[in-house]
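Trainee: Predicted model and sequence follow; I will ask about them next.
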2 protein chains.
Amino acid sequence: MLEKIISQGLKATGRRMTRTRKAVLSLLERTHEPLSASEIFAQLQEDQVAIDLVTVYRTVNVLKDLGLVAQLDLHHEGQSRYELKEGRKHHHHIRCQVCGKIVDLLLCPLKKLTKLIEERTKFVVGDHTLEFTGFCPQCQ
Amino acid sequence: MLEKIISQGLKATGRRMTRTRKAVLSLLERTHEPLSASEIFAQLQEDQVAIDLVTVYRTVNVLKDLGLVAQLDLHHEGQSRYELKEGRKHHHHIRCQVCGKIVDLLLCPLKKLTKLIEERTKFVVGDHTLEFTGFCPQCQ
DNA sequence: CCTTTATTGCAAGTCTCTTGCAAGTAACAT
DNA sequence: ATGTTACTTGCAAGAGACTTGCAATAAAGG
C-alpha cells in the first residue's frame, strides 16, 4: 500500500506521517487527473477533511522533495498541478483549452533527442516539460 | 524594418504605434534571449526610457495578440517570457538551472507526433510547450 | 504517559499579473 | 496648424498563486 511506502520515505528524512498528509495522499491516489493546490484544498473540504490551503502547499512540496509527486506547469495555466509518480512511468499531458480536461499521453519522444541537444549546446540536459493543448472530443 | 510591419498590424486592429511600444519592440529586437516583463521594465529603465511595468505587460499582450511575440512559460519559473516571432521559425529552449541562461534549440520533434496523439486521444491538437532545463557549459 | 520536535493553522507578506480611471497623446479631419 | 476623438499611459488598487513567521497542536519514541 502506498501509505506504507511513503511513511518510510518520511521517516528516513526526519518527517512524520500525519492526518493531513494521509488525506492528500489518498486524494491523489484515487484521482486520475493532476490536481492543483486549490483543487486539492476544495476537494478535501468537500470530503469534510479539515485542512488549510497552506498545509496543502507544504504537503505537495514535501512529497515532491521525496520524489513521490511530480509538479506540472501546464501551458499558460498560471498554477502548478501535482500527480503521484509512484508506479507510473514518465509521461506527458494534453489539456482541453475549453473545459480544462487533462488526459495522459503515454509517450515521450525525447530520449533520443537528449544526445543531440547536448552535442549542439554543450549543456548537460536535465529535466523537460512537454505539454499540449487542444480541443477534447466534447468541446470540438 | 520591423517597426513598419508592426505599425501596420497595430493600425489594422485599431491600435496606435507609440513611444513605449517602440521602446519595447526595439529592446526585443536587439535582445537574443526571451525576456520577462520585469526584465524588459528594468532594461528600459536603464536605457532612460520612462515606462511603467503595467505598460510593459499591456504591450507584450498586444504584441502577442498580433501574433508577433511568443509567450513562453519555462519550467517552474513562475513568470512568462517573451520573444519576437518575426522572421524566426518555431523552436524551443533549454535553460540553465544554475545561472538561468537560455539557449534556443532549433528543432521540434513533434510534428509527426500530432497525428498519433489525435488518433489516441481524439483531441484536436493545438499548441504545445517543450522546454528543457540542464546545466550550461559554465555551470557544470 | 511524557517529552521532544515536526507539523499545522492563522495572519501577513511576496510576487506576478490585471483592472479602473483620470490624464496624456497619437491619428486623422478640418 | 489646430482641434477632436478615442486609444494609451501611469498610478493606485486588486486578484491569484504561493511563502513565511510564529504560537498552538500532535506525531513518535522512550
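Mentor: Yep, that arrived.

Trainee: okay, CA-based contacts and neighbour counts for the rest of this
Mentor: Noted.

Trainee: tell me the average confidence for the helix or strand harbouring A:His93?
Mentor: In this structure, A:His93 is located in strand A:92-96 according to DSSP states H and E. This predicted structure assigns strand A:92-96 an average pLDDT of 95.

Trainee: isn't A:Thr114 right up against A:Lys122?
Mentor: No - the pair A:Thr114 and A:Lys122 fails to qualify as a contact (CA atoms under 8 Å) at a distance of 11.0 Å.

Trainee: DNA strand C contacts on chain A?
Mentor: When proximity is defined by CA under 7 Å from any atom of the strand, chain A lies next to DNA strand C at A:10, A:14-21, A:50-55, A:58-59.

Trainee: again, only this time at 6 Å
Mentor: Taking CA under 6 Å from any atom of the strand, the part of chain A that reaches DNA strand C is made up of A:14-16, A:18, A:20-21, A:50-52, A:54-55, A:59.

Trainee: Taking those residues together, which two end up most distant?
Mentor: The most widely separated members of the residues of chain A next to DNA strand C are A:Gly14 and A:Ala50, with 24.2 Å between them, by CA to CA.

Trainee: who's more crowded, these two?
Mentor: With other CA atoms under 10 Å in any protein chain shown as the criterion, A:Gly14 and A:Ala50 differ in neighbour count, and A:Ala50 comes out ahead with 12 against 8.

Trainee: residues contacting the more buried one?
Mentor: Contacts for A:Ala50 were tallied using CA atoms under 8 Å, 6 or more residues apart in numbering or on different chains; they are A:20, A:44.

Trainee: and A:Val69, bridged to which residues?
Mentor: According to DSSP bridges, the partner residues bridging A:Val69 are A:Leu84.

Trainee: how close does it get to A:Gln79?
Mentor: 16 Å (CA to CA, to the nearest Å).

Trainee: Comparing the two, which residue is more hemmed in?
Mentor: Under the criterion of other CA under 10 Å, the comparison of A:Val69 against A:Gln79 puts A:Val69 first, with 20 against 14.

Trainee: pretty sure that one contacts A:Arg81?
Mentor: No - here A:Val69 does not reach A:Arg81: they are 9.9 Å apart, not a contact under CA under 8 Å.

Trainee: Pull the residues that contact the lengthiest strand in chain A.
Mentor: Taking residue count as the measure and DSSP state E as the definition, the longest strand of chain A comes out as strand A:124-135. Where contact means CA under 8 Å, 6+ apart, the residues beyond strand A:124-135 that reach it are A:72-75, A:92-98, A:114, A:117-118, B:75, B:123-137, B:140.
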